[in-house]
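**Q** Provided below for reference: sequence and predicted model.
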Amino acid sequence: MMSDISAQEQVLDVPDMAPPKSRLRSAFARDRKAQVGLFILGFFVLAAVFAPLIAPFDPNEMTLDMMGRPSGEHWLGTDDLGRDLLSRIIWGTQISLFVGISTVALALVAGVTLGVVAGYYGGWIDNIIMRYIDLQWAFPNFIIAVYLVAVFGTGLLNVIVAIALAFLDDFARIARSMVLTLKEEQFVDAARVQGFSDARIMFRHILPNALAPIIVQATVSVSYAILGEASLSFLGLGVGPNTPTWGLILADGRSFISQAWWLGVYPGLAIMLVVLSINFVGDGLRDALDVRDTGA
Amino acid sequence: MDDKDLIKRAESELRDAYDYDARDPLFGLSKDDMRGNKMSRRTTLRLLAAGGALTMAQVLPGLRPTKAMAAAHAGGELNCAWAGVGEIVTLDPAQIGQVLQFQIASNIYGGLMHIDNNLVAQGDLAESWEVSEDGLEYTIKLREGVTFHNGDAFNADDVEFTFNRSSDPEQSRHSRVIGNVAELQKLNDFEVKFVLKQPQASFLTKALERSSGRAMTIVSRGGLEALGLAQYGLTPIGTGPYQVTEHVLGQGVVLEKFADYYDPERPKIDKITIQPVDGVEPLAAAIEAGDIQYVGGNPVPTQLVSRFESNPDLVVDIKPGPGFQSIWINPWHEAMLVTDFDKPVEELKKEKGFMVRLAIAKALDRDLFVQQGRFGYGVPAHGTINPAMGYFFDDALATASEQAFDPEGAKALMAEAGYPGGAGFPELKLQTTPNTKRDGQVVANILKQVLGITVLVDPKDFSIGIEEFNKMDFDLRLGGSGGDYDPDDGLVDWMQTASKFNGPDRDKDAMPFGFWSEAESDTAVEAQSVTADPAARRELVQKANAITSNKVACGFLYHPVDVLVHSTSVIVPEDARIPGLHELDRISLA
Amino acid sequence: MASYILRRLVGSALVMLAVATLVFFMIRLVPGDPIAAMLADSGSPEAREAMIRKLGLDQPLIVQFWKWFTNMLQGDLGASIYGNNQPVTTIILEALPRTLSLAFLSFVIALVIAIPAGILSATRKNSATDNAVSLFAFLGLSMPDFWLAILLIIVFAANLQWLPAIGYEPLSAGFWPWFSHLILPSIAIGTGFSAIIARMIRSSMLEVMQADYMRTAASKGLTVRVQMLRHAFPNALIPVVTVIGIAFALLISGAVVVENVFAIKGLGRVLIQGIQNRDYPVVQGAVLVVSAFFVLSNLAVDLLYAVIDPRIRYS
């Protein structure tokens, strides 16, 4: 489930500089959890990239071997239409990760831009943007996503846009509060004195210093996006019936779970493992970047 | 009794049933047979044949599930699940749009007529009736001493009130059902006369039927005034065997025995709770845990049927279901274009659009579909006339139809149309509802395997899908009909140029007709619906059915089966077993 | 302080107005014909015309909006265009106790799990207990709630047959019927939330334990137990209050999906069904009520926080 963590107007410790890579690396080297997370995540990323090579069957090929138990031929069994579950989960990795990452990329770019602009200029621009953000803040993220998919219709692109829009306000709020703190700093005054353009000051000077909490938020959001897509699919508001995604496999399998437990267990496990590993990594990042824990 | 005896007995019963008097214009029955308050077994069997509902299982009460049935006793409480639905939105007959709603309402209200387990109309609030020679006047004597749940007495005024309410499209969505009635006359407090515009073979079974007909299901004027429309829809007042004592949307309906019901033998059970259950796993869990002893509502998901059959605590009773499902093919789609069906099949076969159309219908491996899509529970379909209509059903069509499964023929047609192996053929969308998505996937896979064409399943909420279907804005659509007790239900509603589902909202300049229009079958459908003589009607029905099949009005897919699931602690006698309905007043607890 | 409260109240009211307007017009972008959905198989053209007139769908959008808006201000949210035209207010008032019961019980379950877990892991930092709690928290956060819901049904309803698989009984039917129907869905929703609170309590306990007054308490010779429960824990709860607003969002979002699994017709299910049926008035009403709750709970949390933490500036 998506949650609405983080966008509380937090008091954030501002790092002096963008975090040096070495610091990150050494922090990760000490963090077993983050290592495990990275390892699992790497495993899934490889599966996604090489899906056509490693999937043992065509994920959409139906046979009369319906709800077949896990066996030597079908390691994770077959689904209610006789399709190989392992192959479907491997192909599903592609979609789930793609939805997770592209959603957050979109929300991040749009949200951060809005937040930075609002925070930097203040005044009526800030007012307009923040009124919109407040409006969105009045809805739970997941409700927004449900509502938007209902309006746009289902499909990969629509789901991505819907979830991205639902997450927009989180990024905007964080970015704005960072900018509000940073724009009083000396290095910003210095940049102004040198006659740099607003855009340059915003995105070259202020933003890099505001990255830490945004990175942490982005990481956590990927996991919520993946859960969100699964939930939307479960409600019949997902990517579409012709593409195997974890959410869809689970949604389709839900009517058969008590006769074929593997249909409910393995896709659910895949979702859980990826979300878990992202949370591990996110947690590691939070510690390494010294961003205050908001509970997520 | 061994099988041979059974078959012999069935044969003789069937012979008797079809032995009608050809001189008599109506149903082959004498006037004495057609009036009175009770029908003889012979009359019943004949009417049964006329209604087309005669199957061996129905003639022979012995052909029933053999699981032990304990002795019945009156009283007790029953918990029912209504499958595949989140709430019972309304129980007001004027608003009811779903089978699963009138399944309940039929136990709360009385109607003039009610079909029995042989799909023959029997008197309910009509004590007796008489039909005029020309078949245009139905004089009905009403049952006396009937009261509504609120204590009001029932009389001819209530029939008039219901008729006026149902005739008004502002108040009722079933005005068409009684559209053939020219006038209703109140003769006295307990006698009314319907005057028809033209003879109607299905008047008693369709227009006056209390469950599926809904137009002449007697509502309470006093109840409507006291409760208001919205509340009446939840806790209505009727004259039926059960009264609603509680109804919370999304939570369930509580029915309690109506003490003053006109038949002292019914109902048997004191209290019945009906809980809507959406989702397969929750349904299975509730039944297997024993929380639920009887299942109504939407059909039990087929993947559960064999599992329930192997459960010693459950009874699973399967009968032919009244309905059909098809793949509708848009004739206005560029690659499947047919602008005129009024030619011989051989002529049509020279057109590319028709070749593709026929190829798709021929490619439907219906046996594979039933096995994979319906877990073996279903009957391959080649027309709208379903096996539950026994007498009208045409067995030969499965092999004789142009659209009988023929993969090689289908491939050849595709090649001839210019798409060998599916090459160059556009991607098609197959519209389904969220519930039929899985069926659609099986069809898409079959078409891919046989024809090499790509069909993408496109599940849409019913509201969107039906809108696009009505506008003829689709490539392929999976859909069809249920609750078809009379040939009219399939033929008149779906297979005529003027049928209510035949692209009513299309752009009529661009598309002169909807999914199908054929003069010869139009005429045959028109004629059968006013033909009372069963043999003549059957001939017309089968003729129309064959034309729609051969010229591919759609790719017919399957007829569902009617599956009743209940606990062994519930006793369902044969007369309570009407396909698609639930006669809760006739069942009892062990 | 008073002006701060007033400003927050006015702001919240404005947000609600904007929400109402947005919701009214956006739902009308949704493709799909409500009349077709409503009439199902019996849609004769006459019945269709009659229905459209009855619902006022033939009037200009702006007229429809004005009617709806003025009625709304009087507490009339219109009638469902589906079935027998139940008033939306009735539908929502019926759904509300279900969702609130579910939310309340989920919240209680979350606290029952989270408080001991959070305290234990904070007082035994880096112990096996701490790691176990931490792992549990991560699992709870990573598990799709509808998956958990289904697994719970299979185990506790279908196999063990301890609890009903579906449905809802009001509290008036007795405590046990009410409770037994809600326990599984509440666990499904509450687990993820308990993970968040447990982590919250842990980190804020750790912070509090560094504070001067804790050292004072320790120097006064209080037992560790008293130190923790009397001093550290109440103070650690302060930041936890902030997540109660989040809690509501999470519980409502969870309820949307989980109510669907357990066939409980709460607000979430009303919303999803409304969307599926294109039942404009119902969707508007449900979204309005959900967001009103959300706005109000945020408001309440902000005000509460302002009261218990005097460091907040009211600007």
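**A** Sure thing, it's come through.

**Q** For the residue nearest to B:Thr454 when sequence neighbours are not counted, give its distance to A:Asn242.
**A** Nearest non-adjacent residue to B:Thr454, counting by C-beta to C-beta, 6 or more residues apart in numbering or on different chains: B:Glu427, 4.7 Å away. Any C-beta I mention is one placed from the backbone N, CA and C, and that applies to glycine too. B:Glu427 sits 11 Å away from A:Asn242 when distances are taken as C-beta to C-beta, to the nearest Å.

**Q** With B:Glu281 instead?
**A** Counting by C-beta to C-beta - B:Glu281 and A:Asn242 are separated by 24 Å.

**Q** between these two, which one's more packed in?
**A** B:Glu281 (25 against 16; other C-beta atoms under 10 Å in any protein chain shown).

**Q** Just the C-alpha atoms of the helix or strand where the more buried one lies, please, in PDB.
**A** Element membership of B:Glu281 [criterion: DSSP states H and E] is helix B:280-288. Provided in PDB are the C-alpha atoms of helix B:280-288 (Å, rounded to 0.1, in the frame of the first residue of the first chain):
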ATOM      1  CA  VAL B 280     -14.400 -16.500  -5.400                       C
ATOM      2  CA  GLU B 281     -12.200 -17.300  -2.400                       C
ATOM      3  CA  PRO B 282     -14.600 -15.700   0.200                       C
ATOM      4  CA  LEU B 283     -17.500 -17.700  -1.300                       C
ATOM      5  CA  ALA B 284     -15.600 -21.000  -1.200                       C
ATOM      6  CA  ALA B 285     -14.400 -20.300   2.300                       C
ATOM      7  CA  ALA B 286     -17.900 -19.400   3.600                       C
ATOM      8  CA  ILE B 287     -19.400 -22.500   2.100                       C
ATOM      9  CA  GLU B 288     -16.700 -24.800   3.200                       C
END
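
**Q** mean confidence score for it?
**A** Regarding helix B:280-288, the rounded mean pLDDT is 83.

**Q** List of residues touching whatever helix or strand comes next after it?
**A** Counting by DSSP H and E, the next helix or strand C-terminal to helix B:280-288 is strand B:294-297. With contact meaning C-beta atoms under 8 Å, 6 or more residues apart in numbering or on different chains, strand B:294-297 is reached by B:78-85, B:100, B:103-104, B:274, B:276-277, B:283, B:287, B:564-567, B:570, B:582, B:587.

**Q** Cross-check those against chain A and keep the overlap.
**A** Filtering the contacts of strand B:294-297 for proximity to chain A (criterion: C-beta under 8 Å from any C-beta of the partner chain) leaves nothing.

**Q** B:Glu130 belongs to a strand, doesn't it?
**A** Yes - counting by DSSP: H, G, I helix; E, B strand; the rest coil, B:Glu130 is found in a strand.

**Q** re earlier: overlap in contacts of B:Glu427 and A:Asn242?
**A** B:Leu456.

**Q** Contacts only, for the residue nearest to B:Thr454.
**A** B:Glu427 neighbours (C-beta under 8 Å, 6+ apart): B:453-456.

**Q** can I get those residues in TSV with secondary structure?
**A** Below are the contacts of B:Glu427 laid out as TSV (three-state DSSP):
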residue	secondary structure
B:Ile453	coil
B:Thr454	coil
B:Val455	strand
B:Leu456	strand
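
**Q** Filter the residues you listed down to just the buried residues.
**A** Neighbour-count burial (16 or more other C-beta atoms under 10 Å in any protein chain shown) applied to the contacts of B:Glu427 gives B:453, B:455-456.

**Q** hmm, back to that, give me phi/psi at the residue nearest to B:Thr454?
**A** phi -70, psi 130 (degrees, to the nearest 10).

**Q** For B:Ile327, see how far away it is.
**A** Counting by C-beta to C-beta, the gap from B:Glu427 to B:Ile327 is 16 Å.

**Q** before we move on, what about B:Asp168?
**A** From B:Asp168 to B:Ile327 the distance is 37 Å (C-beta to C-beta).

**Q** which of those two has more neighbours?
**A** B:Ile327 (24 against 13).

**Q** and that one, helix, strand or coil?
**A** Under three-state DSSP, B:Ile327 comes out as strand.

**Q** again, but for B:Val219
**A** Applying three-state DSSP: B:Val219 is coil.

**Q** Retrieve the pLDDT associated with it.
**A** In this model, B:Val219 carries a pLDDT of 96.

**Q** What separation is there between it and chain C?
**A** Separation of B:Val219 from chain C (C-beta to the nearest C-beta, to the nearest Å): 12 Å.

**Q** residues touching that residue, list them.
**A** B:92-94, B:109, B:158, B:161-162, B:165, B:232, B:236-238.

**Q** Repeat that for B:Gln185.
**A** With C-beta under 8 Å, 6+ apart, B:Gln185 has these contacts: B:192-193, B:195.

**Q** Could you list the low-pLDDT ranges of the stretch 1-150 of chain C?
**A** C:1, C:29-48, C:51, C:54-55, C:82-84 (pLDDT under 70).

**Q** and it, which residues reach chain A?
**A** Near chain A, when you scan the stretch 1-150 of chain C using C-beta under 8 Å from any C-beta, you find C:11, C:15-16, C:18-19, C:22, C:26-27, C:29-31, C:138-139, C:141-147, C:150.

**Q** Could you tell me which of the residues you listed count as buried?
**A** C:15-16, C:18-19, C:22, C:26-27, C:30, C:138-139, C:141-147, C:150.

**Q** Let's see which of those end up in helices.
**A** C:15-16, C:18-19, C:22, C:26-27, C:138-139, C:141-142, C:145-147, C:150 (DSSP state H).

**Q** Helices along the chain, start to end?
**A** If you meant another chain, say so; for now it's chain A. A:21-30, A:32-49, A:51-54, A:85-121, A:123-137, A:141-152, A:156-182, A:186-193, A:198-200, A:207-234, A:246-253, A:261-289.

**Q** my bad, chain C
**A** With DSSP H as the criterion, chain C has helices spanning C:2-27, C:34-39, C:45-55, C:61-73, C:88-123, C:128-142, C:145-152, C:175-209, C:212-219, C:224-226, C:233-261, C:267-277, C:280-308.

**Q** What's the PyMOL line that selects buried ones from the contacts of B:Gln185?
**A** Command for PyMOL that selects the buried part of the contacts of B:Gln185, burial taken from 16+ other C-beta under 10 Å:
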select buried, chain B and resi 192+193
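
**Q** for the chain, which spans come out with low pLDDT?
**A** Went with chain A since none was named. Using pLDDT under 70, chain A drops low at A:1-25, A:27, A:292-296.

**Q** Can you look at chain B instead?
**A** Across chain B (using pLDDT under 70), the flagged ranges come out as B:1-72, B:463, B:532.
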